[in-house]
Structures are given as structure tokens and as C-alpha cells.
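A.B. asks: build the 3D model from these lines:
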Amino acid sequence: MKTLRTAFPAAFPLGVSRDSETALSDIEFLHRISLDLIGEQDLEALYGKIVDAAVSITGSQFGTMQLLCPEGHPSGHGGQLQLLCSRGLPPEAVGFWQWVSPMAYSSCTMALQLGQRAIIPDFEEWPDIAGTDDLQAFRNTGIRSAQTTPLLSRDGRLLGMISTHWSTPHQPSERDLRLLDILARQAADLLERTIADEALREAQAELRALNETLEQRVAERTAMLMQAEEKLRQSQKMEAVGQLTGGLAHDFNNLLAGISGALELMNRRITQGRLSDVDKYMVAAQGSAKRAAVLTQRLLAFSRRQTLEPRATNVNTLMYGMAELIQRTAGPGIQIETTGAPDAWTAFVDVSQLENALLNLCINARDAMPQGGRIQLQTSNHWLDATAARAYDLAEGPYLRLSVTDTGTGMSPDVMAHVFEPFFTTKPIG
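C.D. replies: This is a model prediction of the structure:
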């Protein structure tokens with residue numbers, strides 16, 4: 001809410017005599033007031049003109065317009081009357097009545113309590129105000145009498161007050177009160193409009209501020225999700241590596257045993273001078289070392305962090321090359337079958353990610369077959385037409401399908417509904 005402490009030039013000359021004012025017909029007078037109020041676009045000037053009109057109607061020496069502050073307002077003045085504009089009040093009086101409590105003694109608080117116009121013909125004759133700071137403030141200002149007319153919205157809500165004050169005891173006439181009622185109706189409509197406009201401007205400002213930060217917040221949220229997805233992807237890799245560990249350790253032991261045995265036999269043959277047998281043991285040791293190197297390279301390529309690097313890939317070759325690794329991971333109770341399409345199209349894919357996905361699918365398939373079973377890996381060519389492409393949210397064209405089929409227990413409908421969610425898992429935490 002805006003607080004106006006300064007007086008504005010009167011829209012209606014206060015020096016005009018009451019005789020000349022009454023010479024005008026009430027209709028002409030109100031018409032002139034209405035045109036002046038409706039044509040005013042400046043909010044502060046509008047408040048001033050409303051007060052000037054009330055002073056002109058009643059011939060008072062002072063005038064004020066107040067706004068009722070809603071309950072719970074952030075200013076802490078909820079339920080109090082805020083001074084919007086005044087005429088004739090000295091600065092100390094403006095400060096004293098800037099915020100008026102409902103417990104104060106004045107015509108405006110009386111109208112607030114009654115819910116209708118309040119008239120005090122003489123403050124000195126009002127017993128309730130005797131001995132209060134409010135009476136002293138009226139005396140200091142030179143105010144002896146007052147009237148307050150409520151400003152009500154079209155649905156009956158109290159918006160504020162228009163008050164006029166005289167320096168002598170005074171009882172406003174019926175004509176003055178009738179004209180004040182008409183002025184109050186116009187002022188309430190204008191005030192209600194300005195309150196709604198101010199609320200709209202505040203909402204638009206909040207919306208603009210929200211829009212200004214929305215892009216930044218979306219970018220930050222996207223970055224967080226990408227980081228979380230990368231962490232999840234890496235943890236899935238590590239989980240798969242953990243599944244590999246047991247089988248690989250056994251295989252490495254066998255390979256190392258072959259190398260160690262070949263070296264021991266070579267040492268014996270050299271000691272015995274039987275050099276003709278050394279070559280075959282050396283070939284055996286080298287073969288075991290090469291197989292160990294292949295396993296090591298696959299494990300390192302599978303577990304390392306890396307950005308997506310899609311390239312043209314023969315998926316049949318990848319699938320056949322993974323078969324031995326998958327068999328070791330699945331264990332002896334699982335039979336691995338591979339069927340590659342003889343005319344399989346080349347696929348544009350990140351090899352490491354495809355290996356990761358394939359191995360994880362096979363691990364899940366193995367877990368669904370605790371009593372053993374069969375996992376079948378198969379490639380096939382597929383052309384997606386416009387309808388099928390829309391269903392999969394893909395571009396129309398040729399695609400290579402790599403399928404993993406098992407003889408396990410399958411998935412429940414609840415799990416199936418979430419199977420493609422990136423953070424969904426049926427595995428226990430930890």
C-alpha cells in the first residue's frame with residue numbers, strides 16, 4: 001500500500017463560497033465531479049480529488065481519505081486505517097493519524113465499529129474521548145467536529161473511509177450527506193479498481209520474476225538430473241563388474257595356472273637340456289597370457305567412465321564377443337544361445353553402453369532363473385513406419401533389434417509399468 005503524506009492542489013477551489021456552490025444544481029455539480037474523477041489516471045491525484053470533492057461538498061476545513069488494511073497484512077497493520085490523502089492537516093497531525101487503530105477515538109473508528117456513517121457534532125461534548133491523546137490531537141489540529149462516510153465495495157466489503165472535519169461544532173445537512181453518499185459510491189468503485197489493478201501488477205511482477213529465474217532453475221535441475229543419471233549408470237556398471245568378479249577370478253586362476261605350469265615345464269626341459277620341447281610350452285603360456293589380456297581389456301572397457309561415443313558397429317560381432325563373458329557371469333546353470341541375423345544391418349551405437357546394457361539384461365535374466373534356464377540373444381532387422389515410429393517416439397527408418405529372451409519367472413504388471421523408468425529398480429537398497 002502506498003502512503004501519501006503530502007497534500008495535492010485542490011481540484012475544486014476551496015475559496016468558492018457556499019452560496020455560489022449551491023447556485024449550481026446538484027446534478028451539474030456531481031457531473032463535474034464524476035468527469036474529473038473518471039478522467040484522472042494518476043493514483044495520488046485521484047485520491048486528492050476525492051478528498052477535495054468531499055471538502056467542497058461539506059464546506060469543511062479538513063478532509064481525509066483512508067484505506068482499510070486487510071487482516072494479516074505483512075506490514076503488521078492489519079485491521080487499521082491507513083491515511084492515503086489529507087487536506088488541511090499539519091505535518092504532525094498527518095504523522096499521528098498515518099495509521100489509526102480500531103481502538104482509537106474518532107469518527108472513522110466509530111464508523112468502522114458501526115459499519116455505517118458516523119457523525120460527531122462536537123468532540124468536546126463526546127464523553128468517551130475525554131482525557132485521551134486523540135482529543136488532544138484534535139485540539140492541537142483545530143478540529144472540533146467530524147463526519148466519516150464508509151467506502152463499500154459492490155459486494156459490501158469495507159474498503160476505506162472519507163472524512164471531513166470542521167473547526168467549529170457542526171452538523172452536516174441532509175443535502176451534504178446525500179452528495180457524500182454519491183461521492184462515496186464513485187470513490188469506492190475507483191478505489192476497488194485501483195486495488196485490483198495494484199494486485200494485478202504485483203502478480204505480473206511476481207510472474208516476470210518467476211519467468212526470469214525459470215530458465216536458470218530448469219537448467220540447474222536438468223544438470224542435477226544428468227549428474228544423477230550418470231552416477232546411476234556408473235553404479236550399474238560397478239554392480240555388473242561385481243557380478244563378474246567371481247567368474248573372472250576363477251578364470252584368471254586357471255589362466256595363471258596354465259602360464260605357471262608352462263613356465264615350470266620349460267624350466268625343467270631347459271635344465272634337462274631338452275630344448276626341443278620348450279617351444280610348445282612357450283606357445284601355451286603365451287596363449288594363456290593373451291586370453292588373460294583379452295579379459296582384462298574387456299573389463300577395463302566395461303567399467304571405465306566415458307561420454308557417449310556412438311559409431312557404426314557390427315552388433316553380431318559384439319554379441320558373439322560378449323557370449324563368453326556373459327556365460328562366465330551367468331554361471332554353469334544357465335545356457336547361453338546366440339543367433340545373429342546373417343544380413344544384420346550395421347547399427348550406430350556406443351559400444352561400451354550397449355555392452356553394459358546387454359550384460360545387465362543377462363544378469364537380470366539369470367536372477368529370474370534361480371533353478372537354471374536358457375538365455376537367448378538374437379539380432380534382427382526392422383523397418384519402422386510412421387505409425388510404429390510415433391509409438392516408440394523414434395524417427396521413421398531402419399533399425400537393428402537386439403533381443404534378450406529367457407525362460408525365467410517374468411515380471412509382474414506393476415514392475416512392467418515402471419520397467420523403462422531410468423531410476424526404477426527392484427533390487428534392495430545398498
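
A.B. asks: average pLDDT for stretch 39-56?
C.D. replies: Stretch 39-56 shows a mean pLDDT of 85.

A.B. asks: please save the CA atoms from it in CSV.
C.D. replies: Extracted C-alpha coordinates of stretch 39-56, given in CSV (Å, rounded to 0.1, in the frame of the first residue of the first chain):
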residue,chain,number,x,y,z
GLY,A,39,-10.5,11.3,-16.2
GLU,A,40,-7.7,11.1,-13.6
GLN,A,41,-5.1,8.4,-14.3
ASP,A,42,-2.6,9.3,-11.6
LEU,A,43,-3.5,7.4,-8.4
GLU,A,44,-2.2,10.1,-5.9
ALA,A,45,-4.0,12.8,-7.8
LEU,A,46,-7.2,10.7,-7.8
TYR,A,47,-7.2,10.4,-4.0
GLY,A,48,-6.6,14.2,-3.7
LYS,A,49,-9.5,15.0,-6.0
ILE,A,50,-11.8,12.7,-4.0
VAL,A,51,-10.9,14.5,-0.7
ASP,A,52,-11.2,17.9,-2.4
ALA,A,53,-14.7,16.9,-3.6
ALA,A,54,-15.7,15.9,-0.1
VAL,A,55,-14.4,19.2,1.4
SER,A,56,-16.1,21.2,-1.3
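
A.B. asks: any weak-confidence spans in this protein?
C.D. replies: 1-26, 233-251, 253-254, 294-295, 297-308, 418, 420-425, 427-430 (pLDDT under 70).

A.B. asks: hmm, 50 instead?
C.D. replies: Confidence mapping of the chain against pLDDT under 50 gives the ranges 1-21, 23, 305-306, 423, 429-430.

A.B. asks: quick one, helices of it?
C.D. replies: 18-23, 26-38, 43-58, 91-96, 107-114, 133-141, 174-272, 278-303, 315-330, 351-367, 386-392, 413-418 (DSSP state H).

A.B. asks: who wins for proximity to S403 among the ones you listed?
C.D. replies: Judged by CB to CB, the one of these that comes nearest to S403 is helix 351-367, at 9.4 Å. Using the backbone N, CA and C atoms, a C-beta is placed for each residue, glycine as well.

A.B. asks: T271: neighbour count?
C.D. replies: Using other CB atoms under 10 Å, T271 has 8 other residues around it.

A.B. asks: just give the closest residue to D367, not the sequence neighbours.
C.D. replies: Nearest non-adjacent residue to D367, counting by CB to CB, 6 or more residues apart in numbering: G408, 7.9 Å away.

A.B. asks: and the one you found, how far is that from Q378?
C.D. replies: Distance, G408 to Q378, by CB to CB, to the nearest Å: 16 Å.

A.B. asks: name the residue in these two with the higher neighbour count.
C.D. replies: Higher neighbour count among G408 and Q378: G408, with 18 against 15, using other CB under 10 Å.

A.B. asks: so who does the more buried one touch?
C.D. replies: For G408, the contacting residues are A365, D367, A368, M369, G373, by CB atoms under 8 Å, 6 or more residues apart in numbering.

A.B. asks: next, count neighbours for I334.
C.D. replies: Neighbour tally, I334, other CB under 10 Å: 20.

A.B. asks: which one is it nearest to, not counting chain neighbours?
C.D. replies: Leaving aside its sequence neighbours, I334 sits nearest to R366 (CB to CB, 6+ apart; 5.4 Å).

A.B. asks: what is the neighbour count of A417?
C.D. replies: If you count neighbours by other CB under 10 Å, A417 ends up with 11.

A.B. asks: ok, it to M411 distance?
C.D. replies: 9 Å.

A.B. asks: before we move on, the earlier item: what are the phi and psi values for the residue nearest to D367?
C.D. replies: With angles defined as degrees, to the nearest 10, G408 sits at phi -80, psi -160.

A.B. asks: now it: how far from N364?
C.D. replies: Separation of G408 from N364 (CB to CB) stands at 9 Å.

A.B. asks: before we move on, what about D197?
C.D. replies: Applying CB to CB to D197 and N364 gives a distance of 62 Å.

A.B. asks: neighbour count for the two, which is higher?
C.D. replies: Per other CB under 10 Å, whichever of D197 and N364 has more neighbours is N364, with 15 against 11.

A.B. asks: relative to M411, how far out is the more buried one?
C.D. replies: Applying CB to CB to N364 and M411 gives a distance of 10 Å.

A.B. asks: likewise L232?
C.D. replies: 20 Å.

A.B. asks: ok, A341 next?
C.D. replies: Distance, A341 to M411, using CB to CB: 26 Å.

A.B. asks: same question, G39
C.D. replies: 73 Å.

A.B. asks: which of the residues in stretch 334-346 are buried?
C.D. replies: Residues of stretch 334-346 classed as buried by neighbour count (16 or more other CB atoms under 10 Å): I334, I336, G340, A344, W345.
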